[in-house]
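**Q** Sequence below, structure please.
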Amino acid sequence: MSGLAFAPPRFAVDRAALVARLRAVLPEDALRVDEEALRPYECDGLTAYRQLPLLVTLPENEAQARAILRVCHELGVPVVPRGAATGLSGGVLPHPDGVVVSLARLKNILAIDPATRTAVVQPGVRNLAVSQAAAPYGLYYAPDPSSQIACTIGGNIAENSGGVHCLKYGLTVHNVLRVRGLTVAGEIVEFGCAAPDAPGYDLLAVANGSEGLLVLITEATVRLTPKPELAQVALASFDDVTRAGEAVAAIIAAGILPAGLEMMDKKATHAVEPFVNAGYDMDAEALLLCESDGTPEEVAEEMARMQAVLAASGATAIRVSQNEAERLKFWAGRKAAFPAVGRITPDYLCMDGTIPRHSVGRMLQAIADMERRYGLRCANVFHAGDGNLHPLIMYDANQPGELERAQAFGAEILELSVEFGGTITGEHGVGVEKVTQMCAQFTPDELALFERLKRAFDPAGLLNPGKAIPTPARCREYRLARSATAGERGTPCCAPAADDATHDVWGDPADGASAPGDATKTEGPR
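**A** Okay, here's the model as predicted:
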């Protein structure tokens with residue numbers, strides 16, 4: 001497929017001097033310098049964007065990670081922290097002048113305390129491994145991204161990941177009690193604590209979702225949740241996607257808080273069913289998966305109420321899981337949606353907007369219209385309970401113009417999410433993918449505050465530079481482009497401020513240069 005290069009601010013780096021300094025503080029096998037060894041680190045799950053790093057380091061402990069940061073800080077070298085790279089926004093895309101710090105070797109579960117229901121883990125511990133380690137105590141780690149078999153806790157914190165059960169049990173930010181990390185200068189910092197509250201400003205919440213721009217995470221204390229006695233899933237079929245969307249709002253309006261509330265449209269179920277054989281209704285235009293958990297009595301009462309709301313909302317069929325194996329089978333289809341779509345299309349972009357629940361039906365109708373206008377298919381899966389949509393835009397990057405149309409399609413979905421009163425991301429982060437849409441979401445003054453916060457942690461802009469926060473120049477370009485179509489899609493919100501220079505950590509690019517985060521083609525079909 002086509003590759004897109006990352007065009008962040010550039011840094012003058014003496015590679016030979018950097019290699020020599022890093023070899024002095026790292027074991028031999030903790031440094032990657034050859035192109036063949038660097039190639040696996042060129043992208044994350046958003047494979048449309050690729051960039052070879054200057055070097056890759058793999059520290060085995062916090063002391064080595066600290067030494068790497070000190071060297072890079074002294075030499076003015078950018079640093080990109082990396083977990084399992086399952087992210088979908090280009091958040092760990094390497095910097096061409098920078099060092100990737102892979103935290104894959106920091107993968108120990110340091111402690112599990114069933115009395116306080118907490119676990120202390122290193123950033124490279126897989127999400128699912130925490131639950132597996134806590135299972136003998138009747139506990140588990142509630143946030144469960146679809147990639148939980150591979151994604152890591154450090155990455156989950158960096159992106160504030162969710163999952164199919166986030167409606168009831170919260171996102172990562174609601175399940176992390178303490179974060180230990182390193183500043184770009186190698187200073188140790190800790191946010192939060194094991195107590196119910198920590199003194200001072202709530203910097204723990206700032207660390208969650210900071211996308212590697214503020215600190216490099218080396219340890220976390222996470223909250224463990226008691227496993228429910230029983231869980232059941234109602235699988236509801238609808239012959240109209242709008243009615244399915246309205247059913248989501250009706251469930252919440254009825255005072256029901258499901259453990260999980262997910263939605264899939266017909267394109268998604270037709271991709272998933274041959275892949276997983278979950279037993280989905282192939283004739284339905286949309287499916288809802290509604291889970292209840294708790295004691296058997298609680299589940300029976302809530303499931304009866306939920307079925308009544310679904311029937312009143314127009315469900316054409318409702319099936320309730322009869323055992324744990326069937327429950328897991330229903331969920332397996334939803335969790336396999338991304339790889340299932342990958343089997344039927346050469347490439348796809350996974351969007352991550354969030355909208356008010358009552359707007360789900362309107363958004364699905366709008367996406368259907370966009371499919372016709374852009375000439376591309378789109379399968380839709382939703383964390384419907386909290387309005388987090390994941391449209392999967394299918395394209396073939398080997399066909400001229402399809403990647404660009406897919407990107408425009410995705411941008412329109414995100415901008416419409418903002419118009420509906422939502423956000424451009426729910427759990428995937430901004431990275432490089434959505435940096436332009438930050439100009440639609442936030443005013444210049446708000447973006448300036450983000451940049452001042454970034455500057456407080458990282459004055460030189462060395463940690464994951466060029467991501468998440470657009471420069472004023474980028475927003476000016478966005479404003480001008482949107483002005484040309486204001487009659488079609490509304491007026492853009494991101495006009496430049498009077499003193500743009502104070503709104504940019506790195507400085508605007510020179511005339512003719514790409515703004516940080518801009519993407520240009522550099523490779524042909526692969």
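
**Q** For the chain, give me the ranges with low pLDDT.
**A** Within the chain, the stretches with pLDDT under 70 are 1-6, 485-526.

**Q** Show me the domain layout of it.
**A** Per automatic domain parsing, the structural domains of the chain span 3-102, 109-226, 230-338, 345-419, 438-523.

**Q** Skipping its backbone neighbours, what lies nearest the residue most central in space within the chain in space?
**A** The geometric centre of the chain, computed from its C-alpha atoms, lies nearest to H428 (CA atoms, centre = their mean), at 1.4 Å. Distances taken as CB to CB, 6 or more residues apart in numbering put D352 closest to H428, at 3.8 Å, once the chain neighbours are dropped. C-beta here means a position set from N, CA and C on the backbone, and glycine is covered the same way.

**Q** For that neighbour, give its distance to A271.
**A** When distance is defined by CB to CB, to the nearest Å, D352 is 18 Å away from A271.

**Q** next one: P136
**A** 37 Å.

**Q** Those two: which has the busier surroundings?
**A** A271 (27 against 9; other CB atoms under 10 Å).

**Q** could you dump stretch 313-329 to PDB, C-alpha only?
**A** This file holds the C-alpha atoms of stretch 313-329, laid out as PDB (Å, rounded to 0.1, in the frame of the first residue of the first chain):
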ATOM      1  CA  SER A 313     -37.800   0.000  20.200                       C
ATOM      2  CA  GLY A 314     -38.500  -2.300  17.200                       C
ATOM      3  CA  ALA A 315     -36.100  -5.300  17.700                       C
ATOM      4  CA  THR A 316     -37.100  -8.000  15.200                       C
ATOM      5  CA  ALA A 317     -35.500 -10.700  17.200                       C
ATOM      6  CA  ILE A 318     -33.800 -11.000  20.700                       C
ATOM      7  CA  ARG A 319     -31.500 -13.900  21.700                       C
ATOM      8  CA  VAL A 320     -30.100 -14.200  25.300                       C
ATOM      9  CA  SER A 321     -26.900 -16.100  25.900                       C
ATOM     10  CA  GLN A 322     -27.700 -19.400  27.800                       C
ATOM     11  CA  ASN A 323     -24.200 -20.100  29.100                       C
ATOM     12  CA  GLU A 324     -20.800 -18.500  29.400                       C
ATOM     13  CA  ALA A 325     -19.500 -20.100  26.200                       C
ATOM     14  CA  GLU A 326     -22.400 -18.600  24.200                       C
ATOM     15  CA  ARG A 327     -21.800 -15.200  25.900                       C
ATOM     16  CA  LEU A 328     -18.100 -15.200  24.900                       C
ATOM     17  CA  LYS A 329     -19.100 -16.400  21.400                       C
END
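
**Q** And that stretch, what's buried?
**A** Of the residues in stretch 313-329, 313-315, 318, 320-321, 326-327, 329 count as buried by neighbour count, 16 or more other CB atoms under 10 Å.

**Q** residues in contact with that stretch?
**A** With CB atoms under 8 Å, 6 or more residues apart in numbering as the test, stretch 313-329 has contacts from 231-240, 243, 246-247, 250, 276, 278-279, 281, 284, 288, 291, 303, 307, 310-311, 330.

**Q** returning to that earlier point: and the residue nearest to the centre of the chain, what does it touch?
**A** Shown in contact with H428 (CB under 8 Å, 6+ apart): 87-89, 159, 350, 352.

**Q** related to what we said a few turns ago, out of the buried residues of stretch 313-329, flag the one nearest to G163.
**A** R327 (15.7 Å; CB to CB).

**Q** any idea which helix or strand carries that closest one?
**A** Take DSSP states H and E as the rule and R327 turns out to sit in helix 324-335.

**Q** now that helix, how far from the centre of its chain.
**A** 23 Å (CA atoms, centre = their mean, to the nearest Å).

**Q** go on, stretch 277-284?
**A** 28 Å.

**Q** ok, and for that stretch, which residues are buried?
**A** For stretch 277-284, burial by neighbour count (16+ other CB under 10 Å) applies to 278, 280-281, 284.

**Q** Now do the helix or strand harbouring A379 and helix 324-335, the angle between them.
**A** For A379, the host element (DSSP H and E) is strand 378-383. Going by axes from the mean of the first three to the mean of the last three CA atoms, to 10 degrees, strand 378-383 is angled at 130 degrees with respect to helix 324-335.

**Q** how near is P143 to A384?
**A** Distance of P143 to A384, computed by CB to CB: 17 Å.

**Q** higher neighbour count, the two?
**A** More crowded of P143 and A384, by other CB under 10 Å: P143, with 31 against 28.

**Q** pretty sure the more buried one contacts S161?
**A** Yes. P143 lies in contact with S161 (CB atoms under 8 Å); the separation is 6.1 Å.

**Q** overlap in contacts of the two?
**A** If you check P143 and S161 against CB under 8 Å, 6+ apart, the residues they both contact are 127, 171-172.

**Q** Take the residues you listed and keep only those in strands.
**A** In strands, defined here by DSSP state E, there are no members of those.

**Q** ok, so of the buried residues of stretch 313-329, who is nearest L389?
**A** Among those, and counting by CB to CB, the member closest to L389 is S313, at 19.0 Å.
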